[in-house]
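In: please find the sequence and the predicted model below.
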Amino acid sequence: GYIFQKNSKRFTEIWQIVDKKCEKPSSKGEISFSPDICLATKRGSYADVTYHQLQSRHYAEDNQFIFGWNLSAR
């Protein structure tokens, strides 16, 4: 997954979901993932980032984040 950085106007990787076999969907058709949250910028990687760290790095605008996803199934 990616998060939008308003100053640079581009997306930065913030999590990865490692390839693994998924559990059977719930009765509602939902599947949950537990990704590792790690902000990966050109200057370094920051594990377990918090809301306040993302806000101080200008990822929040009006207390909102913009996320992007690239999902695929095999």
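Out: Looks like it arrived, so ask away.

In: what mean pLDDT does stretch 43-62 get?
Out: For stretch 43-62, mean pLDDT rounds to 84.

In: how far does that stretch stretch from start to finish?
Out: 25 Å (Cα to Cα, to the nearest Å).

In: which parts of that stretch are buried?
Out: Buried residues in stretch 43-62, counted by 16 or more other Cβ atoms under 10 Å: Tyr46, Val49, Leu54, Arg57, Tyr59, Ala60. All C-beta atoms are positioned from the backbone trio N, CA, C, and that covers glycine.

In: how far away from the center of its chain is that stretch?
Out: Offset of stretch 43-62 from its chain centre (Cα atoms, centre = their mean, to the nearest Å): 11 Å.

In: contacts for that stretch?
Out: If you take Cβ atoms under 8 Å, 6 or more residues apart in numbering as the criterion, stretch 43-62 is touched by 3-7, 12, 14, 36-40, 65.

In: of the residues you listed - the most surrounded one?
Out: Counting neighbours by other Cβ atoms under 10 Å, Ile14 leads the contacts of stretch 43-62 with 23 neighbours.

In: tell me which element the closest residue in space to Pro25 that isn't next to it in sequence is part of?
Out: Distances taken as Cβ to Cβ, 6 or more residues apart in numbering put Ile31 closest to Pro25, at 5.2 Å, once the chain neighbours are dropped. Per DSSP states H and E, Ile31 falls between elements, in no helix or strand.

In: good, we can wrap up now.
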